[in-house]
Each structure stands twice: as structure tokens, then as C-alpha cells.
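>>> the following comprises the amino acid sequence and a computationally predicted model.
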Amino acid sequence: MVRNGEIAAEDAKRVLRRYWWILPITVVACGTIAMSLAMVLPKKYTSQTLILVQQPTVPSDIVRPVVTEDLNHRLASMQEQILSRTRLEPIIEKFGLYPELRGKVHKEDLVERLRTSIVVTPLVSMPGTQNQSLPGFYVNVVFDNPQLGQQICSEITSMFMEQNAHALEQQATRTTSFLSQQLAEAKAKLDAQDGKLAQFKRQYLGSLPEEEQTNLSFLMGMNSQLEANTQALSRAQQDKAFNESLLNQQQANLEASQAMPGRNPETLEQQLNALQDQLTVLQTRYTPEHPDIIKLKNSIEQMKKRLAEEPQANPSGSGNAQASRSEPPSMQQLRAKLRQDELSIADLTKRQAQIQNQIGLLQARVQASPVVEQQLKEMTRNYQSALEFYNELLKKSNNSEMAKDLQHQQEGEQFRVLDPPSLPVKPSFPKKEYFLGGGFGAGLALGLGILALIAFSDKSIHTERDVELCLQLPVLGLIPNLKEHTSAGKSNPLTENGYSPFSTRA
């Protein structure tokens, strides 16, 4: 008797000992049915091929691949394209598939039926490997004809190979074309920035930051030249004023001597005295090595020689009268010096104006240098950015060209058939061993279910505990079975175990 919905071990043993024959019957029956189904069901054959992904022969650090899309996504995209209606209908027409269904079902149903018979399974990478990319994939075609299944598998495999090669080449071509267009635009922008930078440098030539130190050096040199020129101009003006004073003095002496009758101041002695007086004045201003002092000393020496050679007496006064009509050499020398001083003053004044103009130009360049430097930095930064962008695009374009050539030479990533489509000999469905094992398992499960149902439906009393639960009275003792039979010839259910329990109330 089952209590609380739980089958005890004693109940299970009792049911199994009594109804053991149910298990062999259900197992044999289900196995027979399964084997019959395996013999009756239409057979399916699976043609399989393995396609491996061959990595590029050139390392990726030398030529970076153009296609960086994950192979799983690319494989899913190719699978959707290959298993589309436009790609499967030609296969149905080419091999004449499903002739018995032609005209009975729609073309879409035939395509869907062929699509369900094609299974693409990615190959899983070995755990622990560094490269976790997809190593390859299987293509399985399940069909009722092994030869047709092999042909369909070969066709699908060729479509995968062609689709992958076309996709890689098309991607490389599009990438190269895009990079070439971007490179041309980047070059145009770089040339424009280069032209602006060159024009700016020509416009502000001399005020550029790298020329600031040179301008400062030139400015210091010009200041020194201006100071030296100013000093030279001052000396020339002083010399002119001094020579003018000497000339005026000699002119006054000459006029005074011509106004007094009987006196001729232009004798050699007077000229010598005048030269000595002039030497005395110059010695107070210049050193003995000054060219004017040396020249004046030479004149004095010549004058002394002339005095020594000239006779002591001059009876005739005609010579003095003739000499009085012309200027003495000292006055002519002074006039020549004055003309030279005027030329020197004019030249120094012109030179001073030129130096001042150059100083003003250099000062303007130095003052404008910070503003020019800021503008130049901005233009240089724009040019440098354009140059870096152009160089980066140029590098990518060259890499894309090499990747495209690599793909043309079939040295890049490509699919390689490791195992050609197989010609199946045994059907992949139904498999007799699987059906037989499933039938035996189902028969065993069915037999155990029947036995459990029998155990749950058994309400007879077999143990002392069953009596207590059924009568809800305590058992005082057990009496051996006296094999008393009822009038109908059936045994009492309480005496099946050989004992007749008696109960009484406490």
C-alpha cells in the first residue's frame, strides 16, 4: 500500500517480483516499433566538407589587412547571401531537384526546403590558443540522394570560395579608391596651407621669430654705427668751425696789411709766424700724431728752408706788390680744408639719416615679432596637422595598395578546402542503432511507468504498518494463518502474509 504518494522499497520489490514480465514486453515492443520506423522512414544522406581559413602569407605587421571585420560576422553575411532565393533557385534548376514536387508546391517552398538541408557549422578554436579567430567551418548538405548531396555540397563550397574572394577584392578596391580620393583632398589642403605659410613668410620677412636675435644684433650694430657717425659729424663740424675761424683771422690780417701802406705782411717770415701760430692752436686740440699737425709741421719746415735760400735784402718792392695781389698758400689750404669739411659733413649727415632709417625699420621688426610669432605658430600648427594627416593617409593608401596586390596574387586571407565534399555511403538518418537504443529506452520507461501505476493503484494491506494506518488501531499480536477460506473460495486479504492480526481498543 503506497503511503503519502511515495513508493517504498518493499512496495517496489513486491510489484517488480509479481509483475516483472511487463518490462521485457514493453522493451521488446518499443524496440520492434523503433526498428520498424528505422526501416520505413525515408533515408537521408549527409555530404560534408571542411573549409579552413588560410591566413595571409605576409605577416600582418608588414602589410596590414584591409578587411578587419570579424570572420564570424563575415561568414554569417556570406551564408545569408549564398542561401538566398536568387542563389538557390539556379541550383534547383541545375540539378533538377525535387521533381516529384514540381508543380505541386510553390517555388519558395522548394527553396526553403533546400535551405533547411544546408547547414554551416563554424569550427571551434582550441582553448588556450592565442589566436581566437575562426579557423574554419563545415558545410553539411542533407539530401535523400548521396550523389546529389555531394554535388550540392560542392556547389555551395564553390560559392563560399568565390563569395569570399570577391568580397575581399571588392573591399580592398573600395578602400583603395576611398583612400586615394581622401589623399588627393588632403594633398590639396596641404598645398594650400603650404602656400599660405610661404606667403606669410615672404610678407613678414625680417620679422620672423627665428630672425629676432639677428635683428637685435643688427640693431646694436646700427646703434654703434650711429654713435660713431654722430661723433665723426661733431668732429667735422668742429673742424669746420675752427678752420673758418682761422680763415677769417688770416683774411682779416690780409685785409689789414693791404690797408696799411708800406707794409707787406705776406713775407715769408709772416707766413712762417702764421703757420707757427696755427700749429700752436692745433697742438692744444690734437695729439702730435694727428695728420693735420704733421702736415703743418712739414709746411713750417719747408717755409724755413725757403727763408734760408731767399736773399737777405730785397731792393725792389715789385715782388711784394705782386704777392699782395694773391692769397697766401695757408689761406688756400684753409679754403680747401673747409670744402673738404663741408663734403664730410654732408656725407656724414646722409649716412646718419640712413642709419636712423635702418634703426627704425629694425625696431619695427622687433616690436612686431611677438604678433608675427603668434600668427606663424597658428599657421604652422595648421600646416603640421595637414602634413600629419596627409602622411597618415599616404601610409594607409600605400598599405591598401599592397593589400590589394596581395589579394590579387592570392597571398592574402582566403578559404582553402581541406576535405572535399564526401560521398556518403551510410544514411545519416535514420540511424538504426540510435532508433533501437531509443526504442529500448522508451520501452523501459514505459514498463517502469506501468509498474509505478500498478503500485499506486494497489490498496491491499500487506504489513503491520498498513493495518495501523488502515484501522487506526494498535496491533496487540500476530496469529499464524489457519488457511481458512471464505465461502467464495477467496483468501482474506488480511491473511496473505501468513498471519491474522487481531486488534482491540486499549
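Received it, and whenever you're ready, just let me know what you need. Here the structure is a predicted model, which means the values were calculated and not measured.
>>> I'd say Leu376 and Leu208 touch.
Yes: using Cβ atoms under 8 Å, Leu376 makes contact with Leu208 at a distance of 6.7 Å. All C-beta atoms are positioned from the backbone trio N, CA, C, and that covers glycine.
>>> what is in contact with the two at once?
Lys201 (Cβ atoms under 8 Å, 6 or more residues apart in numbering).
>>> who's in contact with the closest residue to Ile51 other than its chain neighbours?
Nearest residue to Ile51 in three dimensions, chain neighbours excluded: Phe415, at 5.1 Å (Cβ to Cβ, 6 or more residues apart in numbering). By Cβ under 8 Å, 6+ apart, Phe415 lies in contact with 51-54, 160-161, 164-165.
>>> confirm that Phe415 lies within a strand, as I assumed.
Yes: residue state for Phe415 (DSSP: H, G, I helix; E, B strand; the rest coil) corresponds to a strand.
>>> change the start of the numbering to 622 and stick with it
Let's use 622 as the start, then, which means that last one is Phe1036.
>>> who does it form a beta bridge with?
Taking DSSP bridges as the rule, Phe1036 bridges to Val674.
>>> where does Ala1109 land on pLDDT?
pLDDT, Ala1109: 42.
>>> what about Leu1039, which SS state?
Under three-state DSSP, Leu1039 comes out as strand.
>>> wait, isn't it in contact with Leu673?
Yes: when contacts are counted by Cβ under 8 Å, Leu1039 is listed as touching Leu673 (4.9 Å).
>>> which of the helices or strands spans Gly981?
helix 950-1029 (DSSP states H and E).
>>> other SSEs contacting that helix?
helix 767-824, helix 833-880, helix 889-906, helix 912-930 (3 or more Cβ pairs under 8 Å, 6 or more residues apart in numbering; DSSP states H and E).
>>> so where's the protein shaky on pLDDT?
Within the chain, the stretches with pLDDT under 70 are 622-629, 678-690, 746-754, 878-889, 891, 930-948, 1028-1033, 1082-1090, 1092-1127.
>>> picking that back up, which of the contacts of Phe1036 lies closest to Phe716?
Nearest to Phe716 among the contacts of Phe1036: Phe781, at 17.7 Å, using Cβ to Cβ.
>>> contact partners for the closest one?
Phe781 touches 672, 699, 703, 760, 1036, counting by Cβ under 8 Å, 6+ apart.
>>> bridging residues for the fourth one?
Pointing back at Val760 there. Thr670, Val741.
>>> how about it, what does it touch?
669-670, 672, 739-741, 774, 777-778, 781, 1042.
>>> please apply the same query to the first one.
Applying Cβ under 8 Å, 6+ apart, one finds that Ile672 lies in contact with 757-760, 778, 781-782, 1036-1039.
>>> 6 Å instead?
757-758, 1036, 1038 (Cβ atoms under 6 Å, 6 or more residues apart in numbering).
>>> now the residue positioned nearest the centre of the chain: how far from Leu811?
Taking Cα atoms, centre = their mean, the centroid of the chain lies closest to Glu1013, which sits 7.8 Å from it. Relative to Leu811, Glu1013 is positioned 12 Å away (Cβ to Cβ, to the nearest Å).
>>> what of Ala849?
From Ala849 to Leu811 the distance is 50 Å (Cβ to Cβ).
>>> about what we covered before: distance between the helix holding Gly981 and the chain's centre?
38 Å (Cα atoms, centre = their mean, to the nearest Å).
>>> again with stretch 895-903
90 Å.
>>> what does the strand or helix carrying Thr707 contact?
Here Thr707 sits within helix 706-716, counting by DSSP H and E. Helix 706-716 is contacted by residues 731-732, 735, 769, 776 when judged by Cβ under 6 Å, 6+ apart.
>>> hmm, 7 Å instead?
702, 728, 731-732, 735-736, 769, 772-773, 776, 780 (Cβ atoms under 7 Å, 6 or more residues apart in numbering).
>>> show me what the following helix or strand past that helix is packed against.
Remark: after helix 706-716, the chain's next helix or strand is helix 728-737, criterion DSSP H and E. Contacts defined by 3 or more Cβ pairs under 7 Å, 6 or more residues apart in numbering; DSSP states H and E place helix 728-737 against helix 706-716.
>>> just the buried ones from the contacts of helix 706-716?
731-732, 735, 769, 772-773, 776, 780 (16 or more other Cβ atoms under 10 Å).
>>> with distance to Ser1078 added, can I get the residues you listed in CSV?
CSV is the format used below for the buried ones among the contacts of helix 706-716 (distance: Cβ to Cβ, whole Å):
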residue, distance to Ser1078
Leu731, 53
Val732, 54
Leu735, 52
Leu769, 55
Gln772, 59
Ile773, 55
Glu776, 61
Met780, 62
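>>> and which of those residues is nearest to Asp632?
So of those, ranked by how close each gets to Asp632 (Cβ to Cβ), first place is Leu735, at 55.9 Å.
>>> and the residue nearest to the closest one when sequence neighbours are not counted, how many neighbours?
Spatial nearest neighbour of Leu735, excluding adjacent residues (Cβ to Cβ, 6+ apart): Leu709 at 5.3 Å. Counted with other Cβ atoms under 10 Å, residues neighbouring Leu709 total 24.
>>> so Leu709 versus Thr670, what's the distance?
Using Cβ to Cβ, we find Leu709 at a distance of 18 Å from Thr670.
>>> state the phi and psi torsions of Ile672.
phi -110, psi 120 (degrees, to the nearest 10).
>>> just Pro743 next, same as before
phi -70, psi 150.
>>> so what's it up against?
693, 696, 755, 758.
>>> measure the nearest residue to Ala786 once chain neighbours are set aside to Gly724 for me?
Nearest residue to Ala786, sequence neighbours excluded (Cβ to Cβ, 6+ apart): Gln1035, at 6.5 Å. According to Cβ to Cβ, Gln1035 and Gly724 sit 42 Å apart.
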